[in-house]
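Visitor: just to be clear, the model below is a prediction. Sequence and coordinates:
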Amino acid sequence: MGGDHGLSVTIPAALDFLEENPAHHALLVGLEADIRAMLSAAEHHQRAQPLSRRYEIVAAEEVVAMDDPPAIALRNKRRSSMRIAIECIKEGRAQAAVSAGNTGALMAIARYVLKTLEGIDRPAIATALPNRTGGVTTMLDLGANVDCSAEHLLQFAQMGAALVSVIDGKERPSIGLLNIGEEVIKGNDTVKLAAELLRASSLNFYGNVEGDDIFKGTTDVIVCDGFVGNVALKTSEGLAQMLRSFIKEEFTRNLLTKCMAFIASPVLKAFSRRVDHRRYNGASLLGLRGIVIKSHGSADSYAFRHALRRAAGAAAHGLNEKIAQAITKSA
């Protein structure tokens, strides 16, 4: 029910996901009448009918609004679609939950209902960003924790390493600590202490990295506090959108640029696809006793389908078990 577009995005994305993943089942959690109306709409009816055995509507009585304070969503909306979706994980009815709704409310509800894994003080938000090596850089935290201690940054590194190990199959992912310089003397006291803890850990710690290392692919994982991470994420998304718009405008300006665009179209299409932030939609809320994926609120159907894929992949590869093992080993 959440996000900027609600069911007009989430229902088509769910149908797309089920069509391409015949072994999966979906629980559509929300206002039942609205969900049935969307499934019955002419544009979705023919697709939904053959898939009806693989999705189930789970009725909710209310919806968490995008501007609801987390405390209100947690205390006053106990029959919301977001709360019920998270409870489906706790009850074992679902292996993962995906929402495009209110981030603060999702984190608060997920943490309250599912609790954190043993050894984890705070959950973190992690996502993958494309880099120029052709792979991705996993970055966390992206907004769940504005103020972090050095110990929290160490835990983020442990969770990020487990995530990359599960998703990308890398046995010992490299870890970078986001800083204002590579030198050991750089950074505030928290970052300096976090670097000491990381060097003393069993993790594959590369050292300090800077902002441009995110897209260079210097390390597999980059760790920072939620304030810095969120600013970096939003900046990168804005830059990618600007580049795509610039290319589209410049190469349709006149006949000469149109001809150039036609000749270069394979390269331009590949570049546009590579920097398309929708392909990387779906941030993991790491450290919880269950898999919760946060989609961008502005996601379209294509982007939301990628968030569903990410949730399915995390569940299939036992992400939480790997994180728990990593924390236990480190302890």
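Guide: Received, thanks.

Visitor: C-alpha only now, for contacts and for neighbours.
Guide: OK.

Visitor: tell me the confidence at the residue nearest to His24 when sequence neighbours are not counted?
Guide: In space, and not counting its chain neighbours, His24 is closest to Leu18: 6.5 Å by CA to CA, 6 or more residues apart in numbering. Looking at Leu18, its pLDDT is 95.

Visitor: OK, contacts around Leu18?
Guide: Listed by CA atoms under 8 Å, 6 or more residues apart in numbering, the contact partners of Leu18 are 24-26, 51, 54.

Visitor: for the helix or strand containing Gln46, what is the average pLDDT?
Guide: Taking DSSP states H and E as the criterion, the element that holds Gln46 is helix 42-51. Averaging pLDDT along helix 42-51 yields 83.

Visitor: counting by contacts, list what that helix packs against.
Guide: Under the contact criterion of 3 or more CA pairs under 8 Å, 6 or more residues apart in numbering; DSSP states H and E, the helices and strands touching helix 42-51 comprise helix 7-20, helix 32-40.

Visitor: confirm that Gly143 sits in a helix.
Guide: No: according to DSSP: H, G, I helix; E, B strand; the rest coil, Gly143 belongs to no helix; its state is coil.

Visitor: quick one: it and Met242, what's the gap?
Guide: Remark: distance between Gly143 and Met242 (CA to CA, to the nearest Å) = 23 Å.

Visitor: what of Pro69?
Guide: 31 Å.

Visitor: what's near enough to touch the closest residue to Lys90 other than its chain neighbours?
Guide: Ranked by CA to CA, 6+ apart and with sequence neighbours excluded, the top spatial neighbour of Lys90 is Leu114, at 6.2 Å. With contact taken as CA under 8 Å, 6+ apart, Leu114 is in contact with 86-87, 90, 288-290.

Visitor: make CSV from those and add distance to Leu308, pLDDT and secondary structure to it.
Guide: Rendered in CSV, the data for the contacts of Leu114 read as follows (distance: CA to CA, whole Å; pLDDT from 0 to 100; DSSP: H, G, I helix; E, B strand; the rest coil):
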residue, distance to Leu308, pLDDT, secondary structure
Ile86, 15, 97, helix
Glu87, 18, 97, helix
Lys90, 19, 96, helix
Leu288, 18, 93, strand
Arg289, 19, 93, coil
Gly290, 15, 94, coil
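
Visitor: could you work out the most separated pair of those residues?
Guide: Spanning the widest gap among these are Glu87 and Leu288, at 12.8 Å by CA to CA.

Visitor: please give the element, helix or strand, for Gln241.
Guide: Assignment of secondary structure by DSSP H and E places Gln241 within helix 226-250.

Visitor: is it correct that Val221 is in contact with Ile175?
Guide: Yes: checked against CA atoms under 8 Å, the pair Val221 and Ile175 is within contact range at 4.8 Å.

Visitor: the two: which is more packed in?
Guide: When neighbours are counted by other CA atoms under 10 Å, Val221 comes out ahead of the other of Val221 and Ile175, with 31 against 26.

Visitor: please enumerate the helices of the stretch 101-250 of the chain.
Guide: Secondary structure of the stretch 101-250 of the chain by DSSP state H, counting those that start in this stretch: the helices cover 103-114, 150-168, 189-200, 213-216, 226-250.
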